[in-house]
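# Kindly return the folded structure for what I paste below:
(one chain, ligands or ions: 1)
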Amino acid sequence: MIACSENCIYAKEGLCWLKEVTKPSNTPIKDCPYFEPKEKQKEGP
Ligand code: SF4
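Here you go, the predicted model:
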């Protein structure tokens, strides 16, 4: 696994836990085609 600190469902404790590389995400970012955003973060109070 690789280090990654994106706000991604596969990121845990600074590491990428994506094991099965299947199809690219619908929400890719420039550094990773498999990025999937976690549930909406709380913002503000
Ligand atoms: S799938 Fe990509 S963005 Fe998500 S934790 Fe892994 S490397 Fe990071």
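
# Just the pLDDT at the most centrally placed residue in the chain, thanks.
Ranked by distance to the mean C-alpha position of the chain (Cα atoms, centre = their mean), the top residue is C8 at 2.3 Å. Per-residue pLDDT puts C8 at 93.

# SS state for F35?
Assigned state for F35: coil (three-state reduction, DSSP: H, G, I helix; E, B strand; the rest coil).

# Return the distance of the residue nearest to it when sequence neighbours are not counted relative to P45.
Distances taken as Cβ to Cβ, 6 or more residues apart in numbering put I29 closest to F35, at 4.5 Å, once the chain neighbours are dropped. Quick note: C-beta positions are derived from backbone N, CA and C, even for glycine. Applying Cβ to Cβ, to the nearest Å, the value for I29 to P45 is 28 Å.

# who has more neighbours, the two?
Neighbours per residue, other Cβ atoms under 10 Å: of I29 and P45, the larger number sits with I29, 14 against 3.
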